[in-house]
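In: Fold the following for me, if possible:
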Amino acid sequence: MKTKNIILYFVVIACSGVCTWAQVPEYPPPGELVDNGGYKIHLMIQGKDKQGPNVIFFHGAGDIALNWNLVLPEVGKFATAVAIDQNGEGWSEHGHGQSLYQQVYDSYQVLKNAKINPPYILVGHSLGGIIANLFAVEYPDETAGVVMVDATHPDVVLQIYNRDTKEMEWKKLRLMANESIPPVNTEPLSSPKEVSSFQARKDFGDMLGKFSEKDQERFNWIYNVRPWTYVKGQGNTYEAEIFQKMYENYDQYGFGDRPLIVLTGGNKEIREGDDNWTGEQLQKHSASLQKELLNLSSNSRQVMADKSGHHIHIDQPELVVSSIEEMVKEIEAAGEK
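Out: Model prediction:
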């Protein structure tokens, strides 16, 4: 989930300054580009103008809105469903940085600009679960419910690069916190960001088998053809710092009695541990964190996705769809009383 260098293979810096991609055949965005104060955010929207709560999808680190496209059209049959490419990801332009707090603010603003009004059901996968959590706390009156899809917990253990030993080690990311979290920038972007790029490489394996041929081409273009762009000095998500803050004050990050469904992958690959954490310890810790997410709401339940690994919305999209539909019905029924 953290840092693209675990997920993508970076090869070479292709350009610096303001980059243009005239030499690369483009795949246009499958959704809508919405102005978000000087830069555009890409929204994939299905079921526009449906009645009831709007369902908002947050992708995980290294993923894009398109990862939700096995779920989005089905949810669009009974609700307005919106998947967001965070700024600088997928087809979205670069905004004011990658801090998770900034991503929450940017997401809220672009929904307003697109006239996707609350109440919202927030659906977050992996790191997107943290974004959903922060969003629900920052905008409680707009949040009707939350669905966590194998979501990250602030006490998560990840493989992190040790610069001293030059090896990957299993550590709690929050314990790496050493920087101050910048304030959210609420000003419009005055001019386009100057970006640098590199040519990324990602091996999808059989992950894309359920997607349409067109979507498979889009994934390949985003990750393996189009140069991957970044803004120098702006790539820090401040995950460690934010995770540490959440961990120390976890009682302040709950949802009250708003409904919460925690979907947990039950068929994950057992990871090989190291001297810090054995494989068995990693497995037990991960399972305990998924259980602990239930404490975020007094109205919560866990659903085990027994045929899924980490990407439940790809392995068992129908389970994600049915969980969201149940929550929509629950919220609507409560509103009628």
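In: Show me the helices in the chain, by range?
Out: 4-7, 72-75, 100-113, 127-138, 213-220, 239-248, 279-293, 312-315, 317-336 (DSSP state H).
In: now these in TSV, with mean pLDDT?
Out: What follows is the helices of the chain, written out as TSV (pLDDT from 0 to 100):
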stretch	mean pLDDT
helix 4-7	31
helix 72-75	98
helix 100-113	98
helix 127-138	98
helix 213-220	97
helix 239-248	98
helix 279-293	97
helix 312-315	98
helix 317-336	95
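In: Mean neighbour count and distance to residue 42 for the ones you listed - can I get that in TSV?
Out: Yep, even glycine has a C-beta here, placed from its N, CA and C like the rest. Shown next, in TSV, are these (neighbours: other Cβ atoms under 10 Å; distance: least, Cβ to Cβ, whole Å):
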stretch	mean neighbour count	distance to residue 42
helix 4-7	14	18
helix 72-75	21	13
helix 100-113	21	9
helix 127-138	25	15
helix 213-220	15	12
helix 239-248	20	22
helix 279-293	15	28
helix 312-315	23	18
helix 317-336	16	21
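In: any chance of the ones you listed in JSON lines, plus distance to residue 153?
Out: Shown next, in JSON lines, are the helices of the chain (distance: least, Cβ to Cβ, whole Å):
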{"stretch": "helix 4-7", "distance to residue 153": "18"}
{"stretch": "helix 72-75", "distance to residue 153": "25"}
{"stretch": "helix 100-113", "distance to residue 153": "14"}
{"stretch": "helix 127-138", "distance to residue 153": "8"}
{"stretch": "helix 213-220", "distance to residue 153": "28"}
{"stretch": "helix 239-248", "distance to residue 153": "9"}
{"stretch": "helix 279-293", "distance to residue 153": "4"}
{"stretch": "helix 312-315", "distance to residue 153": "16"}
{"stretch": "helix 317-336", "distance to residue 153": "19"}
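In: Can you tell me which of those helices is nearest to residue 268?
Out: Across the helices of the chain, residue 268 has its closest neighbour in helix 279-293 (7.7 Å, Cβ to Cβ).
In: Which strands or helices does the closest one pack on?
Out: strand 157-162, strand 260-265, strand 300-305 (3 or more Cβ pairs under 8 Å, 6 or more residues apart in numbering; DSSP states H and E).
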